[in-house]
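> Quick one, structure for this:
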Amino acid sequence: MAEFTMPSLGADMDEGTLLEWLVQPGDRVRKGDPVAVVETAKSTIEVECFETGTMAKVLVQPGATVPVGTALALIEATAEEPGKTGGKPPDRRAPKPTAPPLRPEPAAPAPVPSADGRGHGEAGPLTRHLAEVSGVDLEALQGSGPGGRVTRTDVRRAAAAEAATTAAPPSRIRATPLARRLAAELGVDLASVAGTGRDGAVRAADVRKAAPGPAATAAAAATRPVAAPRPVAAPVPRSEVRAATMRRAIAGLMARANREIPHYYLSTTVDMAAAMGWLHEYNRRSPVAERLLPAALLLKAAALAAREVPELNGFWTDDHFTAGEGVHLGVAVSLRGGGLIAPALHDADTLGLPQLMTALKDLVARTRTGRLRGSEVSDATITVTNLGDQGVEAVFGVIHPPQVALVGFGRVVDRPTAVDGLLGVRPVVTATLSADHRATDGAVGARYLTAVERHLQRPEQL
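Numbers count the residues shown, from 1 in each chain. Modelled structure (predicted):
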C-alpha cells in the first residue's frame, strides 16, 4: 500500500490546502493522472498521481491544511507493478532534505447541514467559480464528495439538468448564492435585477449595481423592524486576501534568496537584426494563428544555451550543485490580480519554435486560470523573465532557489550600432544573467550569454 502525500510544489511551500478530490476510493488511477486539487500561497494546482493502482482510502478531507509530506490517501498498487512505491514524484531535480515524520492530520469535521437539511458540505473555490458561471445554486445541491462535499461533477450535472428543463419554475429566479445573500443584505428585489451571468443568472455584481443609494437604503431601513445593534466588519474580498498571501510568500522566498545566495550579475547587448528579419519572413508566410513572437526565439536561445552550459542548469542543495535532467525552462508569468508564478516548459531545448510557441501560450493561459499541474511548478531547472512587453529594457532578477541562475530579457529597441566599421540603426536586446557564485563564476556566466547571442544570430537553426 503506497502513500499519496502532500507534494512540495516549490521551495517556498511548507503546507498546502486540499481543496478537492478528483477521484474517490475504489477508482483506478494511473501515473500522471490528476487526482486532487491543492491550494498553495501562490496558486491552485492540480496534483498528479505518481502511482498506478486503485485509490484505497482517503486520509485527509477537503478543506484541511496540512504540511508538505503528510499522507493524503492510500493507493493500492496494481499486481503488474508490485515493486513500485508511490506517494512521491520521481525527483527530476536535486534531492531535497527529507521532511521529518509527520503525524496524520485529523480528518476535517463533517459539514454542517444546510437549512433545508441537505447537508451539501463546503465547496472548493474552483467548484464555487464553476457554480457562479453556470448559474447553479450550491445550496440546492446534494454533494457526492467525501462528507457530502459538492464537487465540480455535481455542478456540471446540475447545470446540464437545468439546461434540459424546458421552463424553470416561475417562482425561482436564477441567481448565484452570493447574489441572493447580497440582495437580502442590501434590500434588493432579485426579480427587478437584470442578470448578466449564464442564461441570465443574476450575479453579485448585478445586485451591487442595482442596490439603492444611501437615502433609499436609510428609508428602507426605517420600515424594517429594529434589530439589536451588532458590530459589522466589512468583509475583505477573497481576491485581496489571496493577493496579500501571495505577496508574503514571494517576499519571503526572495528575502531568503538574497540572504543565502551570493549573486553575481552579467549583461550583454545582442544584435537582433538577423533574428527579427527571419521572424518577419516566417510570420509573413504563416497563418495568423501560427505566427511567432520574439519571446519564442529568446526562450529557445536561452534553453539551447543552458544545454551547452550545464553548470547553470540545475540546483544547489546540500552544499553542492546537481545538474538538471533536461532543460526545463521556468517562465515568469505575471498574474492579473498581482503576483508571479514561474511554471516550467519541459524539455524546452528539444521543442521546435512552433511547438514552443504553442506550449508557451497554453502554459500562460493555464497559469492565469489556476489550472497548472504539480510537475509544472516544481521542475524548472533555470528561469527566464522577459519584461520587454512592459517596456523594460533590462531586468536583473533574483534567483529562485534551489536553482542557480535566472536569465532576463528586455525590450527589442532600435539603437545606433557599429557593424564592420559602419554606424547604423539596428534592433538590439539586453540579455542579463543573475547567477549563484557558489556554483559558478563570471567566466561560466559569460560563456552562457555568449551562447545565447550566438544562437540568436542563427535564427533558422533554432
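
> Burial check on Val288, number of neighbours?
Applying other Cβ atoms under 10 Å, we find 6 residues neighbouring Val288. Heads up, the C-betas are built off the backbone N, CA and C, glycines and all.

> Distance of it relative to Leu462?
Plainly put, Val288 is 21 Å away from Leu462 if you go by Cβ to Cβ, to the nearest Å.

> ok, now Gln355?
Distance, Gln355 to Leu462, using Cβ to Cβ: 12 Å.

> Pick out whichever of these two has more residues nearby.
Leu462 (20 against 12).

> Give me the contact list for the longest helix along the chain.
As assigned by DSSP state H, the longest helix anywhere in the chain is helix 238-260. Helix 238-260 has contacts (Cβ atoms under 8 Å, 6 or more residues apart in numbering) with 11-12, 40-42, 125, 335, 337-340, 398-401.

> ok, and the most crowded of the residues you listed?
Top of the contacts of helix 238-260 by neighbour count (other Cβ under 10 Å): His400, with 25 neighbours.

> OK, contacts around the nearest residue to that one once chain neighbours are set aside?
Once flanking residues are discounted, His400 sits nearest to Thr383: 5.3 Å by Cβ to Cβ, 6 or more residues apart in numbering. With contact set as Cβ under 8 Å, 6+ apart, Thr383 has these partners: Leu329, Gly330, Val331, Ala332, Ala342, Gly397, Ile399, His400, Gln403, Ala405, Leu406, Val407.

> and the gap between the fourth one and His263?
When Cβ to Cβ is the yardstick, Ala332 and His263 sit 17 Å from each other.

> Have a look at those two and say which one is more surrounded.
Neighbours were counted for Ala332 and for His263 using other Cβ under 10 Å; Ala332 has more, 20 against 16.

> Looks like the more buried one contacts Leu345 (just checking).
No - when contacts are counted by Cβ atoms under 8 Å, Ala332 is not listed as touching Leu345 (11.7 Å).

> Point to the residue nearest the middle of this protein.
Thr367 (4.0 Å; Cα atoms, centre = their mean).

> what stretches of the chain score poorly on pLDDT?
Counting by pLDDT under 70, the chain has low-confidence residues at 11-12, 79-130, 132-134, 145-147, 152, 160, 162-172, 177-178, 198-199, 212-242.

> Check which helix or strand the residue nearest to His400 maps to.
strand 382-386 (DSSP states H and E).

> That strand pairs with which strands?
Here strand 382-386 has these sheet partners by DSSP bridges: strand 329-331 (parallel), strand 405-409 (parallel).

> how about JSON lines for those strands, with mean neighbour count and distance to Ser267 added?
Formatted as JSON lines, the strands paired with strand 382-386 follow (neighbours: other Cβ atoms under 10 Å; distance: least, Cβ to Cβ, whole Å):
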{"stretch": "strand 329-331", "mean neighbour count": "26", "distance to Ser267": "20"}
{"stretch": "strand 405-409", "mean neighbour count": "27", "distance to Ser267": "8"}
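
> and those as JSON lines, adding distance to Ala275?
Converted to JSON lines, the strands paired with strand 382-386 look like this (distance: least, Cβ to Cβ, whole Å):
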{"stretch": "strand 329-331", "distance to Ala275": "18"}
{"stretch": "strand 405-409", "distance to Ala275": "12"}
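
> Looking at those strands, spot the one closest to Arg373.
Among those, the nearest to Arg373 by Cβ to Cβ is strand 329-331 (14.1 Å).

> And the next helix or strand past the closest one?
Taking DSSP H and E, what comes next after strand 329-331 is strand 333-334.

> What segments of the chain are helices?
Under DSSP H, the chain gives helices at 125-134, 152-164, 177-186, 204-210, 214-223, 238-260, 273-285, 294-308, 353-368, 442-456.

> among the ones you listed, which is the most enclosed?
Between these, helix 294-308 has the highest mean count of neighbours, a mean of 24, where neighbours are mean count of other Cβ atoms under 10 Å.

> Convert the C-alpha atoms of it to PDB, please.
Written as PDB, here are the backbone C-alpha positions of helix 294-308 (Å, rounded to 0.1, in the frame of the first residue of the first chain):
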ATOM      1  CA  PRO A 294      10.100  37.400 -30.400                       C
ATOM      2  CA  ALA A 295       9.800  35.700 -27.000                       C
ATOM      3  CA  ALA A 296       9.800  32.300 -28.700                       C
ATOM      4  CA  LEU A 297      13.200  33.000 -30.200                       C
ATOM      5  CA  LEU A 298      14.600  34.300 -26.900                       C
ATOM      6  CA  LEU A 299      13.300  31.400 -24.900                       C
ATOM      7  CA  LYS A 300      14.600  28.800 -27.300                       C
ATOM      8  CA  ALA A 301      18.100  30.500 -27.400                       C
ATOM      9  CA  ALA A 302      18.100  30.500 -23.500                       C
ATOM     10  CA  ALA A 303      17.200  26.800 -23.500                       C
ATOM     11  CA  LEU A 304      19.900  25.800 -26.000                       C
ATOM     12  CA  ALA A 305      22.500  27.800 -24.100                       C
ATOM     13  CA  ALA A 306      21.500  26.100 -20.900                       C
ATOM     14  CA  ARG A 307      22.100  22.700 -22.600                       C
ATOM     15  CA  GLU A 308      25.600  23.900 -23.700                       C
END
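
> Number of residues surrounding Asn313?
25.

> One more: the one 10 residues further on?
When neighbours are counted by other Cβ under 10 Å, Ala323 registers 14.

> need the contact list for Gly388.
Gly388 neighbours (Cβ under 8 Å, 6+ apart): Pro294, Ala295, Phe409, Gly410, Arg411, Val412, Val429.

> Please name the nearest non-neighbouring residue to it.
Arg411 is the one closest to Gly388 (Cβ to Cβ, 6+ apart), at 3.9 Å.

> so how far is Pro294 from the one you found?
Arg411 is 9 Å from Pro294, by Cβ to Cβ.

> And for Met246?
As judged by Cβ to Cβ, Met246 and Pro294 stand 29 Å apart.

> Over to Glu48?
From Glu48 to Pro294 the distance is 33 Å (Cβ to Cβ).

> for Val413, same thing?
12 Å.

> Also Leu345?
16 Å.

> follow-up on the earlier one: can you put the contacts of Gly388 in a markdown table and add distance to Ile250?
Formatted as a markdown table, these follow (distance: Cβ to Cβ, whole Å):
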| residue | distance to Ile250 |
| --- | --- |
| Pro294 | 27 |
| Ala295 | 22 |
| Phe409 | 21 |
| Gly410 | 21 |
| Arg411 | 24 |
| Val412 | 28 |
| Val429 | 26 |
